[in-house]
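Trainee: Build me a model from this:
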Amino acid sequence: MDKNSGALEGILVVELGQLIAGPFCGQLLGDMGADVIKVEPPGAGDPMRQWGNGEHKVWWEVIARNKRSVTANLRLPEGRELVRKLVVGADILIENFRPGTMEKWGLGPDQLHAINPDLIMVRISGYGQTGPYAERAGFGGIAEAMGGWRAIVGDPDRSPSRMGVSIGDTLAGNYGCMGALAALREREKSGKGQVVDVALYESVLQVMESLIVEYDAMGIVRQRSGAILPGIAPSNVYPCADGEYMIGANGDAIFARLARAMGRPELALDERYATHISRGKHQAELDAIIADWTRMLRVDDLERLMTEHSIPSGRLYTAPDMLVDPHFAAREAIVEVPHPYFGSLKMQAPVPKLSRSVSGVRRPAPRVPGADNLPVYRDLLGITESELRRLKEANAI
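Mentor: Residues are numbered from 1 along each chain as shown. Below is the predicted model:
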């Protein structure tokens, strides 16, 4: 679709992962310009093709954008040999199988580095490649539980809630991408590839802020606290006459501006609310005061006041809101990608934005598994069409 001007142009990625964590890592690398060759099992392909809401499963269109698809049956020697041939010229390989699977197939780090010492191998798994739990089955939700996320999400009088997206998987994909980029930089100095070992539960643990140190230093065990972050006030979603609105005025100077916007400047001088610590101690009563005020205002009017007084705040956006918001449009945060059935599909744009090496969606997701078998196997690897027919008959591709 667009000329590739991404920072990773010229980097070849072989993606063996399925579902979310590995493919999301591949999505990020592809968005930044890498040539991502996705290896799918023959037939139905990646189960991600069937995931999502509604009649048409369009999540695939996001996570598989900027990728070429080939098929290879990794349970057969011929399929594994195709992967080895791809690896010879690859910079990065991504896999998210259970630890030991790649070694069983003869595709472990030692075997692959023997044919390509420069290869960076991103290995994403539930518990990492080592340790007593390494060979356990692990999904993102389980990692969220082990990493501490699930225990603190939701209301204290109910069972833990889950976030509405697969945060454990996408965090792991992000760290896999980050590790691959660091390994690429190190390879410029050493000339050697290496393994990037990403555990889903550790990816969750990494964003748990002060959870560990607070317990180690003071014996504090974080609990579920519903819509608030204990001690951080005011920072909450407040009711309005026609909806809800998020306000984050937990800094001292910002709270003083909020008090003036409310027509109650004395609140900022009240010893119960004057400082960060005191507001945290009186969080519930302060939230009640603010809620009593906001519920008399319409969202538009409240937003106008918050903007005038320079108070961090915002609406609770849904997809329809995003598609008509002028800031999303000005920033090109939503891109439109051609699609053979819908004509085009709107989806989130690549992040982050680089000033010169522009990331983008250069090609839509492959329509069927193996859509690029010929250009990859024949043109890139030099495999004859007669050999490809034989491999297809053997169910190797």
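Trainee: List the buried residues for stretch 222-234?
Mentor: By 16 or more other C-beta atoms under 10 Å, the buried positions in stretch 222-234 come out as 222, 224, 225, 228, 233, 234. All C-beta spots, glycine's among them, are computed from the backbone N, C-alpha and C.
Trainee: With only the CA atoms kept, save that stretch in PDB.
Mentor: Only the C-alpha atoms of stretch 222-234 are listed here, as PDB (Å, rounded to 0.1, in the frame of the first residue of the first chain):
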ATOM      1  CA  ARG A 222      -2.100  -4.500  47.900                       C
ATOM      2  CA  GLN A 223      -5.900  -5.300  47.700                       C
ATOM      3  CA  ARG A 224      -8.600  -4.600  45.200                       C
ATOM      4  CA  SER A 225      -9.800  -1.000  45.400                       C
ATOM      5  CA  GLY A 226     -12.400  -0.700  42.700                       C
ATOM      6  CA  ALA A 227     -12.300   2.500  40.600                       C
ATOM      7  CA  ILE A 228      -9.700   4.200  42.700                       C
ATOM      8  CA  LEU A 229      -6.000   4.000  43.400                       C
ATOM      9  CA  PRO A 230      -5.700   4.200  47.200                       C
ATOM     10  CA  GLY A 231      -4.100   7.300  48.400                       C
ATOM     11  CA  ILE A 232      -4.300   9.100  45.000                       C
ATOM     12  CA  ALA A 233      -7.000  11.700  45.100                       C
ATOM     13  CA  PRO A 234      -8.900  13.000  43.500                       C
END
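Trainee: pLDDT wise, what is residue 1 at?
Mentor: pLDDT recorded at residue 1 is 54.
Trainee: which secondary structure elements does the host helix or strand of residue 111 contact?
Mentor: Using DSSP states H and E, residue 111 sits in helix 109-115. If you count contacts as 3 or more C-beta pairs under 8 Å, 6 or more residues apart in numbering; DSSP states H and E, helix 109-115 packs onto helix 77-88, strand 120-125.
Trainee: what's the angle from the first one to strand 120-125?
Mentor: Going back to what we said before, that points to helix 77-88. 130 degrees (axes from the mean of the first three to the mean of the last three C-alpha atoms, to 10 degrees).
Trainee: Run through who's touching the lowest-mean-pLDDT helix or strand in the chain.
Mentor: Here the helix or strand of the chain ranked lowest by mean pLDDT, DSSP states H and E is strand 334-339, holding a mean of 93. With C-beta atoms under 8 Å, 6 or more residues apart in numbering as the test, strand 334-339 has contacts from 1, 61, 65, 322-323, 328, 344-349, 360-361, 364.
Trainee: one more time with 7 Å
Mentor: If you take C-beta atoms under 7 Å, 6 or more residues apart in numbering as the criterion, strand 334-339 is touched by 1, 61, 65, 322-323, 328, 344-349, 361, 364.
Trainee: want to try JSON lines for the helices and strands packed on helix 109-115, with mean pLDDT as columns?
Mentor: Output for the helices and strands packed on helix 109-115, formatted as JSON lines (pLDDT from 0 to 100):
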{"stretch": "helix 77-88", "mean pLDDT": "98"}
{"stretch": "strand 120-125", "mean pLDDT": "98"}
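Trainee: closest one to residue 106 among the ones you listed?
Mentor: With C-beta to C-beta as the criterion, residue 106 lies closest to helix 77-88 of those, at 6.2 Å.
Trainee: How about the secondary structure of residue 70?
Mentor: strand (DSSP: H, G, I helix; E, B strand; the rest coil).
Trainee: On the strand side of things, show who it bridges to.
Mentor: Residues in a beta bridge with residue 70, per DSSP bridges, are residue 39.
Trainee: didn't it look like it was pressed against residue 371?
Mentor: No: applying C-beta atoms under 7 Å as the test, residue 70 and residue 371 come out as separate, 8.4 Å apart.
Trainee: Between these two, tell me which one has more neighbours.
Mentor: Remark: of residue 70 and residue 371, residue 70 carries more neighbours, 25 against 19, as counted by other C-beta atoms under 10 Å.
Trainee: mind listing what the more buried one touches?
Mentor: Contacts for residue 70 (C-beta under 7 Å, 6+ apart) come out as 37, 39, 370, 372, 373, 376, 377.
Trainee: Residue 361 now?
Mentor: Applying C-beta under 7 Å, 6+ apart, we find residue 361 in contact with 1, 65, 66, 335, 337.
Trainee: Would you check how far apart it and residue 337 are?
Mentor: Separation of residue 361 from residue 337 (C-beta to C-beta, to the nearest Å): 5 Å.
Trainee: Just the pLDDT for residue 143.
Mentor: pLDDT for residue 143: 95.
Trainee: Oops, could you answer that again for residue 5 instead?
Mentor: The model reports residue 5 with a pLDDT of 85.
Trainee: Number the residues from 894 up from this point.
Mentor: Yep, numbering from 894; the last one is residue 898 now.
Trainee: just checking, residue 1035 touches residue 1019?
Mentor: Yes: contact criterion C-beta under 7 Å: residue 1035 and residue 1019 qualify, at 6.3 Å.
Trainee: and these two? which has more neighbours close in?
Mentor: A count of neighbours by other C-beta under 10 Å puts residue 1019 above the other of residue 1035 and residue 1019, at 24 against 17.
Trainee: which ones are touching the residue lying closest to that one once chain neighbours are set aside?
Mentor: In this structure, residue 1019 finds its nearest non-sequential neighbour in residue 1031, 1.5 Å apart by C-beta to C-beta, 6 or more residues apart in numbering. By C-beta under 7 Å, 6+ apart, the contact set of residue 1031 is 1018, 1019, 1020, 1093.
Trainee: ok, the second one to residue 1040 distance?
Mentor: Using C-beta to C-beta, one gets 11 Å for the distance from residue 1019 to residue 1040.
Trainee: overlap in contacts of the two?
Mentor: Counting by C-beta under 7 Å, 6+ apart, the shared contacts of residue 1019 and residue 1040 are residue 1094.
Trainee: returning to what we had before: Provide the strand pairings for the least confident helix or strand of the chain, with the direction of each partner.
Mentor: Paired neighbours of strand 1227-1232 in the sheet (DSSP bridges): strand 1236-1241 (antiparallel).
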